[in-house]
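In: Have a look at this prediction, sequence included:
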Amino acid sequence: MSKYKNMYLNKALVYGNLTRDPELKSLPSGIQVTTFSIATNRVWKDKDGGKQESVEYHNIVVFGRQAENVAQYLKKGSSAFVEGRMQTRSWESDGVKKYRTEIVADRVQFGPRNAGGGGGAKTQSAEREKTDNTEQQTQSNDIEYPEDDIKPEDIPF
């Protein structure tokens, strides 16, 4: 008999684009919480060789300092990699029980910023933006990390 008889795993990994701007709120305890949704695409060929595509939408919840960073630096269209656990909440509304399955994020990594403005800081001076664009041309696959207001102890990993 294995010593891991009752070991379980609840892990979710998704990489996609935000379908809406993140919403930042504060819990009564003062902890920050941000919610957003990510779309992931799946492409395959059917039995006749025709291209098929489907989209899945994932509800994401993130807490604490990371919630503040997500709300500040990501927006609709931004790409992000989310690592967390699946959770289903239930509540009653007008006598009807409702359910919502979401990913509670342990980590959110920002994807590369595309030329269409899918990520990065919401406000930048024209000079700073010009410098960023020059750097991005030489390092197009690097992830953009915010430079202001981030201390090593704020990084959750």
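Out: Received it, and whenever you're ready, just let me know what you need. Numbers count the residues shown, from 1 in each chain.

In: What residues sit buried inside stretch 67-78?
Out: Burial within stretch 67-78, assessed by neighbour count using 16 or more other CB atoms under 10 Å, is assigned to Ala67, Glu68, Asn69, Val70, Ala71, Gln72, Tyr73, Leu74, Lys75, Ser78. The C-beta positions use only the backbone N, C-alpha and C, and glycine is treated the same way.

In: Going by distance to Ile31, which of those residues wins?
Out: Closest approach between those and Ile31, by CB to CB: Ala67, at 8.2 Å.

In: any idea of the pLDDT on that closest one?
Out: Reading off the confidence values, Ala67 has pLDDT 96.

In: Turn the buried residues of stretch 67-78 into CSV, columns for distance to Val55 and secondary structure.
Out: What follows is the buried residues of stretch 67-78, written out as CSV (distance: CB to CB, whole Å; DSSP: H, G, I helix; E, B strand; the rest coil):
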residue, distance to Val55, secondary structure
Ala67, 25, helix
Glu68, 29, helix
Asn69, 26, helix
Val70, 21, helix
Ala71, 24, helix
Gln72, 27, helix
Tyr73, 24, helix
Leu74, 19, strand
Lys75, 19, coil
Ser78, 17, coil
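
In: just these now: which is nearest Thr88?
Out: When those are compared for distance to Thr88 (CB to CB), Ala67 comes out closest, at 20.4 Å.

In: gap between the closest one and Gln32?
Out: Going from Ala67 to Gln32 by CB to CB, to the nearest Å gives 4 Å.

In: Ala39 now?
Out: Distance, Ala39 to Gln32, by CB to CB: 24 Å.

In: Restrict stretch 49-62 to CA atoms and write it as CSV.
Out: The C-alpha coordinates for stretch 49-62 follow below in CSV (Å, rounded to 0.1, in the frame of the first residue of the first chain):
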residue,chain,number,x,y,z
GLY,A,49,-9.5,17.8,-41.5
GLY,A,50,-11.4,21.1,-41.0
LYS,A,51,-10.1,23.6,-38.4
GLN,A,52,-12.2,23.9,-35.3
GLU,A,53,-11.8,26.4,-32.5
SER,A,54,-13.4,26.8,-29.1
VAL,A,55,-13.0,29.4,-26.3
GLU,A,56,-13.1,28.8,-22.6
TYR,A,57,-13.6,31.6,-20.1
HIS,A,58,-12.0,31.3,-16.6
ASN,A,59,-13.0,33.5,-13.6
ILE,A,60,-9.9,34.5,-11.6
VAL,A,61,-9.7,35.8,-8.0
VAL,A,62,-6.4,37.1,-6.5
